[in-house]
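Trainee: show me the folded form of this:
(one chain, ligands or ions: 1)
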Amino acid sequence: MESINTTVDQQQQQTEEQEQQQIVSIPEPMSPITKLGGWEFYKTVLKSPKKVIAPMVDHTYLAFRMLCRKYGADLVYTPMFHSKNFATCKVYRKESFSTCPEDRPLVVQFCGNEAEWVVKAAKFVEDECDAIDLNLGCPQQIAKRGNYGAFLLEKPEIFLPIVRELHKNIKVPIFCKIRLLPDINDTIKLALSLQEAGCQLLTIHGRTKEQKGQHAGIANWEAIKIIREKLSIPVFANGSVVLYKDIEPCLEATGAQGVMSAEGILANPSMFSGLDLPITQIAKEYIDMCLVYHTETYICRSHLFKMLRSLFDYHVDLREKMGKIHTFEGFRDLITELEVRIESGIQPEKMLTNKQKRELKEKEREDELKRQKMDTTEIITTTTTDDKPNTTVTETPTTATTTATVST
Ligand SMILES: Cc1cc2nc3c(=O)[nH]c(=O)nc-3n(C[C@H](O)[C@H](O)[C@H](O)COP(=O)(O)O)c2cc1C
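Mentor: Numbers count the residues shown, from 1 in each chain. Next comes the predicted model:
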């Protein structure tokens, strides 16, 4: 804890230095709406968050957000929502976004390539969140086809008007989340242009859009540091913060105000607390949250697979059983069965080799991709512009999911 405090002090000093810098170098973008500037907002409204839950499609819904808040998350992002779908389809909005007074501070993330739709989408949630984030980091094929996410990084003619219009028309501050471009100078230019357009906080994922899936590799914290030093707004560093012990080194290496984590939090939602709790206990708490915050069972199951992955690598039969369960009660019983086995030292029936584990992870990823591809097609082809979906979209729970997928 002591070393974390030291880092907090260093951060405070850096924060103050950056604030000074902001006074001399950053022209405040013109906005008819009065809102707090980057640093003031960061400190007074967000309360200087250090531990941030990443936006995650299909995952950072209300129940999971509340669990993460209980275990040390200072700030939480929603999954990415497709702005045009969100702006035009009431069913999509209802199924994908819900919140409650305790679900703060909250950032809602959108993707899109037209200011009109992103602003319209943001209008629906501006009273229920603390900031809007524009996704400029999704590297998946679906984002390529839809022309959003990381595929806009080199298209300032598209993303700058979106940020400007959001800044001008939305009550809450606008954030952006980017990936690195191959050339660091280009990334610096990009970051500065976002700042000038009105972006009040930037998350930098320290990987390029080519670094995904098996080729993700380790995030480049040094690049984050170099970019952060040129900026006057707060920065979150994202990438390769998997364990509690990664937090401090990441803050030190990048000088960022906070760290954002995705995969590490999926595996252990209590990671930010630094507590060493049995993952089965956390998994059961998540099921309780799902019941309180009305979560679909397929969303719950997807989280449980990720939390229990390391145990399922040994108890392969229980993994298979989990795939066939469709009730919260069933999930709970299965976890109890797992706990009993662990406590009584029952030997696993089978154990996966590393190769099998890799193959399984790959297959899970492919299945997820396939499902999301189907969901997206459905939303896009069935949505009308008057809040009414045409046909099947209302009937399929999976249509609540959005258009990106893992590692966006
Ligand atoms: C399941 C999953 C879903 C994701 N969905 C989103 C998303 O909706 N928006 C986004 O900006 N990034 C998304 N990402 C990327 C993460 O926010 C994060 O940038 C990336 O995983 C790197 O962080 P990590 O090294 O801590 O995992 C997703 C990642 C995962 C694993």
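
Trainee: contacts, neighbours, all on C-alpha from now
Mentor: Fine.

Trainee: which residues of the stretch 1-150 of the chain fall in helices?
Mentor: Counting by DSSP state H, counting those that start in this stretch, one finds helices in the stretch 1-150 of the chain at the ranges 2-25, 38-40, 62-70, 83-88, 90-96, 115-125, 141-146.

Trainee: near the residue in the stretch 51-200 of the chain that the ligand sits nearest to, how many other residues are there?
Mentor: Nearest residue of the stretch 51-200 of the chain to the ligand: M56, at 3.1 Å (Cα to the nearest ligand atom). M56 sits with 23 neighbouring residues when counted by other Cα atoms under 10 Å.

Trainee: rank the helices of the stretch 1-150 of the chain by pLDDT, which is bottom?
Mentor: Lowest mean pLDDT within the helices of the stretch 1-150 of the chain: helix 2-25, a mean of 45.

Trainee: just the helices in the stretch 301-408 of the chain please.
Mentor: Under DSSP H, counting those that start in this stretch, the stretch 301-408 of the chain gives helices at 309-312, 316-323, 328-344, 354-382.

Trainee: what does the shortest one contact?
Mentor: Read it as helix 309-312. For helix 309-312, the surrounding residues in contact (Cα atoms under 8 Å, 6 or more residues apart in numbering) are 267, 318-319.

Trainee: report the separation between K306 and the ligand.
Mentor: With distances taken as Cα to the nearest ligand atom, to the nearest Å, K306 is found 9 Å from the ligand.

Trainee: for that residue, which non-adjacent residue is closest in space?
Mentor: Using Cα to Cα, 6 or more residues apart in numbering and skipping the chain neighbours, the partner closest in space to K306 is A267 (5.3 Å).

Trainee: and for the one you found, the neighbour number?
Mentor: Using other Cα under 10 Å, A267 is surrounded by 20 other residues.

Trainee: and whatever helix or strand C250 lives in, what does it pack onto?
Mentor: Element membership of C250, judged by DSSP states H and E, is helix 247-254. Applying 3 or more Cα pairs under 8 Å, 6 or more residues apart in numbering; DSSP states H and E, we find helix 247-254 packed against helix 2-25, helix 221-230, strand 235-238, strand 258-261.

Trainee: tell me the angle it makes with helix 221-230.
Mentor: 60 degrees (axes from the mean of the first three to the mean of the last three Cα atoms, to 10 degrees).

Trainee: shaky segments in the stretch 151-300 of the chain?
Mentor: Scanning the stretch 151-300 of the chain for pLDDT under 70 picks out no residues.

Trainee: contact residues of it facing the ligand?
Mentor: Contact residues (Cα under 6 Å from any ligand atom) of the stretch 151-300 of the chain with the ligand: 205, 238-241, 261-264.

Trainee: top of those by neighbour count?
Mentor: Ranked by neighbour count (other Cα under 10 Å), these have N238 at the top, with 29 neighbours.

Trainee: how many other residues sit next to I335?
Mentor: Neighbours of I335 using other Cα under 10 Å come to 21.

Trainee: all strands of the stretch 101-250 of the chain, in order?
Mentor: 106-111, 131-136, 174-180, 199-208, 235-238 (DSSP state E, counting those that start in this stretch).

Trainee: in its sheet, what does the shortest one sit against?
Mentor: Based on DSSP bridges, the pairing partners of strand 235-238 within the sheet are strand 199-208 (parallel), strand 258-261 (parallel).

Trainee: same question, the second one
Mentor: If you go by DSSP bridges, strand 131-136 pairs up with strand 106-111 (parallel), strand 174-180 (parallel).

Trainee: got those as JSON lines, with mean neighbour count columns?
Mentor: What follows is those, written out as JSON lines (neighbours: other Cα atoms under 10 Å):
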{"stretch": "strand 106-111", "mean neighbour count": "25"}
{"stretch": "strand 174-180", "mean neighbour count": "26"}
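
Trainee: and of the ones you listed, who's closest to L251?
Mentor: For those, proximity to L251 was assessed by Cα to Cα; strand 174-180 is nearest, at 17.4 Å.

Trainee: just the pLDDT at the residue nearest the centre of the chain, thanks.
Mentor: Centre of the chain computed as the mean C-alpha position; nearest residue by Cα atoms, centre = their mean is P55, 1.3 Å away. P55 carries a pLDDT score of 98 in this model.

Trainee: shouldn't it be in contact with M80?
Mentor: Yes - P55 lies in contact with M80 (Cα atoms under 8 Å); the separation is 6.3 Å.

Trainee: mind listing the shared neighbours of the two?
Mentor: Q109.

Trainee: quick one: the closest residue to G258 other than its chain neighbours from G255, how far?
Mentor: Distances taken as Cα to Cα, 6+ apart place K50 nearest to G258, at 3.9 Å, with adjacent residues excluded. In this view, K50 and G255 are 11 Å apart by Cα to Cα, to the nearest Å.

Trainee: with G206 instead?
Mentor: Per Cα to Cα, G206 is found 13 Å from G255.

Trainee: ok, now V292?
Mentor: Counting by Cα to Cα, the gap from V292 to G255 is 38 Å.

Trainee: more neighbours: these two, which one.
Mentor: In terms of neighbours (other Cα under 10 Å), G255 is the more surrounded of V292 and G255; the figures are 25 against 11.

Trainee: go ahead and confirm that one touches K225.
Mentor: Yes - using Cα under 8 Å as the test, G255 is close enough to K225 to be in contact (6.1 Å).

Trainee: what's the burial count for L75?
Mentor: Other residues within reach of L75, judged by other Cα under 10 Å, total 25.

Trainee: which residues sit in contact with it?
Mentor: With contact set as Cα under 8 Å, 6+ apart, L75 has these partners: 46, 49, 51-53, 69, 104-107.
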